[in-house]
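Engineer: Have a look; sequence and predicted model below, questions after that.
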Amino acid sequence: MGIFFRNRRLNKVKRFDEEILLDEKKDRRLTPDVPSEKRTNVDRRGNEVGEDNSFEELIHERKAGIRYVASFPVKVIVLKNGKKRHTFEMDSVDVSETGILLKTSSMDEVNSIEKYGQVKLVFEVPEGSMPEGHEVRFSINAKLARVTESGFNYLLGFSFHEDLGEYLRKRKDRYVFLSSAILLVFISFVILLMRSKSLIYFKFHKVLYLYSIMTAGFLLSRYIFGAFYKPVPIDPDYTPPVTLIIPCFNEETWIQRTIVSCVNQNYPPEKLQVIVVDDCSTDNSVQKSEEIIARIRQENPYFDDRRLFVRVQPQNAGKRAALVRGIDEADGELIIFVDSDSFLDPYAVRNLVQPFKDPKMGGVAGRTDVANTYTNALTKMQSVRYYIAFRIMKAAEGLFDAVTCLSGPLSCYRKTILLEKKEEWLNQKFLGQRATFGDDRSMTNMVLKEYRTTYQDTAFCSTIVPSNYRSFLIQQMRWKRSWIRESMMAGAFMWRKEPYAAIVFYIGLLVPILAPVVVIYNMFYVPITQHIFPTTFLVGLLLMSLMMSSAQLLLRKSSTWFFGFLFCVYYEAILLWQMPIAWFTFWKSTWGTRMTPSDVAAKEKKEKRKNRKLKKRGAEKTEETEKTEETEDISDIKDERKTSPEPELKEKTGSREKESPGEKTGPKEKTEPEEKRSPLWDLFDD
């Protein structure tokens, strides 16, 4: 184990614009997953889908073949008849589920490995080098596949005797699954036990105990129904025409990656259209978009100027206006919205369209993972929160076809519905203010009112989340405001949905709004007035936090599971108190992290207010300076009176009058010996 601690500093994870992302080894083609002209249901190697080769198997094979660029120390143990012969230390170049590429400068090490062929590799995958769940220590048998020279180094390719995924399932995952499942059952039992106590004491404080029962029932039911959720399987023959719309504003860092991920889909290219709508970016977003589109067209002739293009808005009009322009130019019968900092899985589109085989289905949400999970503690907390929000919360809603928010990073609608609702959506106002954010919740409400909405867990993308607390808090405040606004609107029709969906919606509306009041009552009012420590309340919060972390551990088996607990603590300490602010400011239309027209107007108003304050302060400072100077003049005169005899003062005054008879004699008036009032009164003359 010493090798891992001595060489921990050698573990290198590539950063993209200060964010840690998975660094996949680039294919020689930009779009290797786009099917060929003659075959639409194929994988990247040309294998056709048949009865013995399902899409699920192809997806698994593709993921197993992805190579991740990563540099970390590897102990190479050369074996002969199962016994150790030599031990070397090398550095990795890239790694996948099925093999690893190492480099060394020693020819003797290469000869020794070639002689015996069989090795055991011992290494620890650094966080952020491979998908979540792989950041563990491996000790796995492998065989040498190839040796090549690269400058002064030799590159050795090894293939593992078993996939890393299979290795984890046999050695780690089953124990993690068992322990997390036991923990979840135990937590659920304790919560139910505590809530039974609430029933016993219900008559003593009906409001408080009713809230605790509602909260526990709301959360437990979400986890239970989320466990029963199953995505719609892929039907290879169902491939309706699809248009992907990417609204963009000042996204030069990520826009090329987003466009490539939207084009690189295992979907018939003749049925796929990608539109980028730039909302008057002030950076190089347009140039970056046009540059990558030109490269894609050189490689794939399908994507001509009708299937892949950029449109630039005449003026900055906001995200909704950009999406509506894309809708107007779309050719597909289904329209997918993709955020400009989100990256689609190559099978995302094929999976996302499957629920639309139901003619009553109006919209579908895909799963959104965090792309920059391992940047810092904040992004790790968000990673757990995102996964639980989609895999548990949205999955529970999807079970009843009543998802209340088709999230912006990846969502799909029928074009006919969007054309019908676009004017209402674009010109939406609330309390006289134009709605400029909460686009996804707003459109979801309009669709859900008359149609079904669901969730497709197998259609997923990854997105960039805020990695600094200021941006994160601004984002959360914006989301809370839109949540309050749109939830109030949804409350007018949700009672017509499935009974469970309706009940849970209204409980889910009350619980967050009342939460600050309940926390103040339990954490401050009761301890101060009744001198009782809030043990039961704190234990309840602990159990709810551990439930989120345990679910993350059970489903994802990731080392980030503990950050679910930290997120709950952070929520109770910080985010919870944004809710009262959102109550009284939910009509605000400023975005906060981008300059929408509302933000520009708010900024101008703030600048005017600031200038008025500066002018007022300047005037007060000038007046104060004048008074100070006048006071100093008076002090000088008083000193002069003390040090100079009165005759000399008169003589000097008279000579001054002779030299300049036309000058005003202000000082003289103040120094007249017959002046009776104090000189300090002059300070009030102004």
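Structural biologist: Cool, the structure landed.

Engineer: Grab the nearest non-local neighbour of the spatially most central residue of the chain.
Structural biologist: Central residue of the chain (Cα atoms, centre = their mean): Val465, 2.6 Å from the mean position. Among residues not flanking Val465 along the chain, Gln382 sits closest, at 4.7 Å (Cβ to Cβ, 6 or more residues apart in numbering). For the C-beta atoms, the positions are set from N, CA and C on the backbone; glycine is no exception.

Engineer: got the CA coordinates for stretch 471-488 in PDB?
Structural biologist: Extracted in PDB, the C-alpha atoms of stretch 471-488 (Å, rounded to 0.1, in the frame of the first residue of the first chain):
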ATOM      1  CA  SER A 471     -23.100  31.400  -8.000                       C
ATOM      2  CA  PHE A 472     -24.700  28.400  -6.300                       C
ATOM      3  CA  LEU A 473     -26.700  30.500  -3.900                       C
ATOM      4  CA  ILE A 474     -27.800  32.800  -6.700                       C
ATOM      5  CA  GLN A 475     -29.000  29.800  -8.700                       C
ATOM      6  CA  GLN A 476     -30.800  28.300  -5.700                       C
ATOM      7  CA  MET A 477     -32.600  31.600  -5.000                       C
ATOM      8  CA  ARG A 478     -33.700  31.800  -8.600                       C
ATOM      9  CA  TRP A 479     -34.900  28.200  -8.500                       C
ATOM     10  CA  LYS A 480     -36.900  28.800  -5.300                       C
ATOM     11  CA  ARG A 481     -38.600  31.800  -6.700                       C
ATOM     12  CA  SER A 482     -39.700  30.000  -9.900                       C
ATOM     13  CA  TRP A 483     -40.700  27.000  -7.800                       C
ATOM     14  CA  ILE A 484     -43.000  29.100  -5.700                       C
ATOM     15  CA  ARG A 485     -44.500  30.900  -8.700                       C
ATOM     16  CA  GLU A 486     -45.100  27.700 -10.800                       C
ATOM     17  CA  SER A 487     -46.200  25.600  -7.900                       C
ATOM     18  CA  MET A 488     -49.000  28.100  -7.100                       C
END
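
Engineer: Was I right to think Leu244 contacts Val274?
Structural biologist: Yes - Leu244 is within contact range of Val274, at 4.8 Å (criterion: Cβ atoms under 8 Å).

Engineer: Find the residues that touch each one of these two.
Structural biologist: Any residue near both Leu244 and Val274 by Cβ atoms under 8 Å, 6 or more residues apart in numbering counts here, and that gives Cys262.

Engineer: Of these two, which one has the most company?
Structural biologist: Shown here are Leu244 and Val274; by other Cβ atoms under 10 Å, Leu244 has more neighbours (29 against 25).

Engineer: Now name the helix or strand holding that one.
Structural biologist: Per DSSP states H and E: Leu244 is located in strand 242-248.

Engineer: before we move on, back to that, from Asp339, how far off is the residue nearest to the centre of the chain?
Structural biologist: 11 Å (Cβ to Cβ, to the nearest Å).

Engineer: rewinding a little: phi and psi next, for the residue nearest to the centre of the chain.
Structural biologist: The phi/psi pair for Val465 (degrees, to the nearest 10) reads phi -110, psi 160.

Engineer: How about the contacts made by Leu431?
Structural biologist: Neighbouring residues of Leu431 by Cβ under 8 Å, 6+ apart: Trp587.

Engineer: typed the wrong thing, it's Asn153
Structural biologist: Neighbour list for Asn153: 103-105 [criterion: Cβ under 8 Å, 6+ apart].

Engineer: Among these, which one lies nearest to Asp328?
Structural biologist: Within these, proximity to Asp328 (Cβ to Cβ) peaks at Lys103, which comes in at 53.1 Å.

Engineer: Looking at strand pairing, list the partners for the spatially closest residue to that closest one that is not a sequence neighbour.
Structural biologist: Excluding its sequence neighbours, the residue lying closest to Lys103 (Cβ to Cβ, 6+ apart) is Asn153, at 4.8 Å. Going by DSSP bridges, Asn153 is paired in beta bridges with Ser150.

Engineer: returning to that earlier point: can you redo the contacts of Asn153 as CSV with pLDDT?
Structural biologist: As requested, the contacts of Asn153 are exported to CSV (pLDDT from 0 to 100):
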residue, pLDDT
Lys103, 94
Thr104, 93
Ser105, 92
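
Engineer: Specify which member of those is nearest to Glu420.
Structural biologist: Of those, the one sitting nearest to Glu420 (Cβ to Cβ) turns out to be Lys103, at 59.0 Å.

Engineer: Which elements pack onto the host helix or strand of the closest one?
Structural biologist: Following DSSP H and E, the helix or strand that holds Lys103 is strand 99-104. When contacts are defined as 3 or more Cβ pairs under 8 Å, 6 or more residues apart in numbering; DSSP states H and E, strand 99-104 packs onto strand 73-80, strand 83-95, strand 137-150, strand 153-160.

Engineer: can you give me the angle it makes with strand 137-150?
Structural biologist: Between strand 99-104 and strand 137-150, the angle comes out at 60 degrees (axes from the mean of the first three to the mean of the last three Cα atoms, to 10 degrees).

Engineer: And the strands in the stretch 401-550 of the chain?
Structural biologist: Counting by DSSP state E, counting those that start in this stretch, the stretch 401-550 of the chain has these strands, from start to end: 410-414, 429-430, 433-434, 452-463.

Engineer: most tightly surrounded among the ones you listed?
Structural biologist: strand 410-414 (a mean of 26; mean count of other Cβ atoms under 10 Å).

Engineer: Adjacent strands (with direction) for that strand?
Structural biologist: Strand 410-414 has these strand partners (DSSP bridges): strand 334-338 (antiparallel), strand 361-370 (antiparallel).

Engineer: Pull out the buried residues from stretch 551-571.
Structural biologist: Within stretch 551-571, the residues scored as buried using 16 or more other Cβ atoms under 10 Å are 551-568, 570-571.

Engineer: Repeat that for stretch 527-540.
Structural biologist: Buried-residue list, stretch 527-540, by 16+ other Cβ under 10 Å: 534, 537, 540.

Engineer: Could you check how far the last one is from Ile213?
Structural biologist: Relative to Ile213, Gly540 is positioned 11 Å away (criterion: Cβ to Cβ).

Engineer: quick one: low-confidence ranges for the protein?
Structural biologist: Low-confidence segments of the chain, defined by pLDDT under 70: 1-17, 36-53, 589-604, 626-627, 629-686.

Engineer: domain ranges for it?
Structural biologist: Residue ranges for the domains of the chain, per automatic domain parsing: 2-25+66-162, 242-497.

Engineer: Can you give me the end-to-end span of the longest one?
Structural biologist: Right, the one you point to is domain 242-497. 29 Å (Cα to Cα, to the nearest Å).

Engineer: Which phi and psi values does the residue nearest to Tyr374 when sequence neighbours are not counted adopt?
Structural biologist: Counting by Cβ to Cβ, 6+ apart, Gly128 is the residue found nearest to Tyr374 once chain neighbours are left out, at 3.6 Å. Dihedral angles of Gly128 (phi, psi; degrees, to the nearest 10) stand at phi 90, psi 0.
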